[in-house]
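[1] Structure of the sequence below:
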Amino acid sequence: MHFPEQKCVFVHVPKTGGNFFTRCFLRFSGDSMVTSGHQDGADRFELSGDATKTKHQTLAEYSELIGPGFSDYTAYAFARPPVERMISLYYSPHRWMREQEGGGFDLDARNEPVDLKEFEALVSSNKSISDLLDAGNVSGRLEVNQTARHTSGARVSLLDFADLRGGLEKFGRENGFDLTDMPAKKVNSSSVNDPMALNAGQMDQINKIVMNSHHGKDQQFFAKDTPKGFFETLSGWFRSKS
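    Okay, the predicted model is just below:
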């Protein structure tokens, strides 16, 4: 999402609260919401603007479209631990929308554990946060609640999904946006009630699929080092939620 007056962009990482961010800040941006097919304009939609060609546009794409002036910009994004984010993406409503014979669309929720082969294909085919933020061209290491510098000159500010409201308030405060009427309704929730508990029995396999993929490097946003026994600790944490 592009905010030309404030010289900032929001890079919408899937399953990190980006739709809620849009609900809060679209009115301040230079972009417009567009819908088609099963998109409802609330949980599912696209964005369009002079420098925004798709809702999940990358930092590198914004840099190219905005040009030399991007050096004065700040790019914001929310980060979420990769295993948690990939599980949420697997159960995301947009993946389970089915067209009905009489017209319209319905959510065909799959209330069952992750199919590991299907999950591995999903992990492989989707961009990591590092990909979306062009992290290979960012000086230093990106970490939540820290700011780094892209080779374009733009600042990159990584917000923590675990404190979504705090991140929204920080973005609003830094850019002069009034959020006194921040909406409260949760949007784009997973199509099952508790995907972590549903998958408690196969968390070891899920952890390894994600952490051995290109998404694994995103874990560095949350800890300076991946400690020994990380998989066992993470698996135990998920099981404690069941």
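
[2] Identify the residue nearest residue 69 in space, chain neighbours excluded?
    residue 7 (7.8 Å; CB to CB, 6 or more residues apart in numbering). Every residue, glycine included, has its C-beta placed from N, CA and C.

[3] Distance-wise, check the one you found relative to residue 153.
    11 Å (CB to CB, to the nearest Å).

[4] So for the two, which residues contact both of them?
    residue 72 (CB atoms under 8 Å, 6 or more residues apart in numbering).

[5] Looking at the two, which is more packed in?
    Between residue 7 and residue 153, residue 7 has the larger neighbour count (other CB atoms under 10 Å), namely 17 against 13.

[6] List the contacts of the more buried one.
    Contact partners of residue 7, counting by CB under 8 Å, 6+ apart, are 69, 72-74.

[7] Kindly indicate which of these lies nearest residue 60.
    Minimum distance to residue 60 across the contacts of residue 7 is 12.8 Å, recorded for residue 73 (CB to CB).

[8] Need the nearest residue in space to that closest one, chain neighbours excluded.
    Leaving aside its sequence neighbours, residue 73 sits nearest to residue 154 (CB to CB, 6+ apart; 4.5 Å).

[9] Let me see the backbone angles for that neighbour.
    As for residue 154, its main-chain torsions (degrees, to the nearest 10) stand at phi -70, psi 150.

[10] quick one: it and residue 76 touch, right?
    No. Applying CB atoms under 8 Å, one finds residue 154 not in contact with residue 76, separated by 10.6 Å.

[11] Tell me which entries of the contacts of residue 7 lie within strands.
    When the contacts of residue 7 are checked against strands (DSSP state E), the matches are residue 74.

[12] Just the buried subset of the contacts of residue 7, please.
    Neighbour-count burial (16 or more other CB atoms under 10 Å) is assigned, among the contacts of residue 7, to 73-74.

[13] Go through the contacts of residue 7 and name the one nearest residue 217.
    Using CB to CB, residue 74 comes nearest to residue 217 of those, at 22.7 Å.

[14] Would you confirm that that closest one contacts residue 8?
    Yes. With contact defined as CB under 8 Å, residue 74 reaches residue 8; the gap is 4.6 Å.

[15] quick one: low-confidence ranges for this protein?
    The model of the chain has pLDDT under 70 over residues 35-45, 94-110, 183-191, 223-242.

[16] What segments of it are strands?
    Counting by DSSP E, the strands of the chain are 2-3, 8-10, 32-34, 46-48, 74-79, 97-99, 105-107, 138-139, 146-150, 155-160.

[17] Now do the last one: distance to the chain's middle.
    To tie it back to what came earlier, the one meant is strand 155-160. Put simply, strand 155-160 sits 12 Å off its chain's centre (CA atoms, centre = their mean, to the nearest Å).

[18] tell me which strands and helices that strand is in contact with?
    Contact analysis of strand 155-160 by 3 or more CB pairs under 8 Å, 6 or more residues apart in numbering; DSSP states H and E lists strand 74-79, strand 146-150, helix 164-175 as its packing neighbours.

[19] same question, the second one
    With contacts defined as 3+ CB pairs under 8 Å, 6+ apart, the packing partners of strand 8-10 are strand 2-3, helix 18-25, helix 59-66, strand 74-79.

[20] for the ones you listed, which one sits closest to residue 122?
    Of all the helices and strands packed on strand 8-10, it is helix 18-25 that lies closest to residue 122, at 17.8 Å by CB to CB.
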